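Asker: structure for the following, please:
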Amino acid sequence: MKIAFSPCPNDTFIFHAWVYGLIPGAPKLDVTYADINVTNSLATGFNGPDVVKISYAALPWVLSEYALLPCGGALGRGCGPLVLTSNRADSIDDPALLAGRRVAVPSERSTAYLLFRLWTAQHVPGGVGEIVILPFHEIMPAVRDGMVDAGLVIHEARFTYPSYGLTLLADLGSWWEGDTNLPIPLGAIIARRSLDLSAIAGWIRASIKFARAHPEASQKYVLSHAQEMSPEVVKAHIKLYVNEFTENLGAIGYEAVTTLLSRASEEGLLPKVDLAALRI
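Answerer: Okay, the predicted model is just below:
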């Protein structure tokens, strides 16, 4: 079975047991590790993986071929994208000052960028200027070096941005939670509708349970894909993104997803989605 997910600690922690053949009855996996911008594209391609992690914002383009699985994704509280600026004397310290400026984002179809557009509609009169798509790991250096005026970051950047000398302008997760009283949906696990979706969800849940019961077993594998992250940052990353919604989206998780997609559709930012198609 072909699968694609990011090399981020939450994904490798979740899928380690299945990747290493520790889940009875689960098929052997052929894994592609890739940035979310790449996995979003893979899912819309002609011959995409059987199972893939994508942004929730990319769901409208894949739901005819893929189903949203109720487990394995990234959804939670206190884990939203951040808008960062530099510490230079001419840096931006008011969201309204983003008007007309250059902003780096990780993917055109990322949930982070979708939230950014919903947020700027309320806080940046006239809208930002140029949007620059950059790989996630290049965004903070680009802000630090003055190549862009601000950067939209996700994942471990929440823990590491001070080391780049950057300043937090806005926490889009806090804004979303205050505006909706819901957790923020970031990354979804989807599988081809032609496959046994219940079985796949069961294998993922078994992999999650194994990871939680034996956290030391996945440590070497997780660290080997964590680039330059320290063990402390890796641990904090997993604690933040592997949470109560990882094994089961549940009613609150589905409400968060439908609210995000409905709002974005009403704002003309995403195609309208048949919300009934989100459940298997």
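Asker: the protein: strands as residue ranges?
Answerer: With strands called from DSSP state E, the chain shows them at 2-5, 30-33, 51-55, 66-68, 74-76, 82-86, 103-105, 131-133, 150-153, 166-171, 184-192.
Asker: TSV please, covering those and showing mean pLDDT, mean neighbour count and distance to residue 250.
Answerer: C-betas here are computed from N, CA, C, even on glycine. Compiled in TSV, the strands of the chain are given as follows (pLDDT from 0 to 100; neighbours: other C-beta atoms under 10 Å; distance: least, C-beta to C-beta, whole Å):
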stretch	mean pLDDT	mean neighbour count	distance to residue 250
strand 2-5	98	21	22
strand 30-33	97	14	27
strand 51-55	97	27	19
strand 66-68	97	23	13
strand 74-76	95	26	10
strand 82-86	94	23	26
strand 103-105	95	25	29
strand 131-133	94	15	33
strand 150-153	95	28	28
strand 166-171	94	18	24
strand 184-192	96	25	12
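Asker: those: which one's closest to residue 202?
Answerer: Evaluated over the strands of the chain, closeness to residue 202 peaks at strand 184-192, with 11.8 Å, by C-beta to C-beta.
Asker: which secondary structure elements does the closest one contact?
Answerer: strand 51-55, strand 66-68, strand 74-76, helix 111-123, helix 172-180, helix 197-213, helix 250-266 (3 or more C-beta pairs under 8 Å, 6 or more residues apart in numbering; DSSP states H and E).
Asker: correct me, but residue 50 touches residue 192?
Answerer: Yes: taking contacts as C-beta atoms under 8 Å, residue 50 lies within contact range of residue 192: 5.4 Å.
Asker: contact partners for the residue nearest to residue 78 when sequence neighbours are not counted?
Answerer: Setting aside the residues directly before and after it, residue 78 is nearest to residue 173 in space (C-beta to C-beta, 6 or more residues apart in numbering), at 6.3 Å. Applying C-beta atoms under 8 Å, 6 or more residues apart in numbering to residue 173 gives the contacts 77-81, 184.
Asker: go again with 6 Å.
Answerer: With contact taken as C-beta atoms under 6 Å, 6 or more residues apart in numbering, residue 173 is in contact with 79-80, 184.
Asker: how about the least confident helix or strand in the chain by mean pLDDT as PDB, C-alpha atoms only?
Answerer: Every helix and strand of the chain was ranked by mean pLDDT, DSSP states H and E. The lowest is helix 157-160, at a mean of 84. Only the C-alpha atoms of helix 157-160 are listed here, as PDB (Å, rounded to 0.1, in the frame of the first residue of the first chain):
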ATOM      1  CA  ALA A 157       8.400  26.800  14.300                       C
ATOM      2  CA  ARG A 158       6.100  27.500  17.200                       C
ATOM      3  CA  PHE A 159       9.000  26.400  19.500                       C
ATOM      4  CA  THR A 160      12.000  27.600  17.400                       C
END
